[in-house]
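> here's a sequence, model it:
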Amino acid sequence: MGLTWTDDPQPNGNGEHPIVALLAVVAILLAILLITWARVEVHGTADLEAALAEPRAEHAPVPPPETAPTKEQRDVDEAVTSSRFATGFSP
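From the prediction side, this is the model:
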């Protein structure tokens, strides 16, 4: 049995050099910073500050939808769903 020894082990990078991969990551981070800086310069930060300072309603009641199903409709939907799963016709 013959063995082949290679002095140049490469990780599975599809032939991509590690420096190129590092430069790509740096370019992505710089693009994110540039886009963020441009957004702040154009729009300012007033809307972000207002959104962060807005008080949240912790226990505000949620109004029911205007087309809420009746109890009878919910019972029918439940029966249809359970029969679908019982017969193997589940979506």
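> can you pull the buried residues of the longest helix anywhere in the chain?
Counting residues, the longest helix in the chain under DSSP state H turns out to be helix 18-43. Neighbour counts over helix 18-43 (16 or more other CB atoms under 10 Å) mark no residue as buried. (Each C-beta comes from the backbone N, C-alpha and C, glycine too.)
> next, the angle helix 18-43 makes with the helix or strand just after it.
Where DSSP states H and E defines the elements, the next helix or strand beyond helix 18-43 is helix 46-53. Per axes from the mean of the first three to the mean of the last three CA atoms, to 10 degrees, the angle that helix 46-53 makes with helix 18-43 is 90 degrees.
> contact partners of helix 46-53?
Helix 46-53 is contacted by no other residue when judged by CB atoms under 8 Å, 6 or more residues apart in numbering.
> which positions in that helix come out as buried?
Result for helix 46-53 [16+ other CB under 10 Å]: no buried residues.
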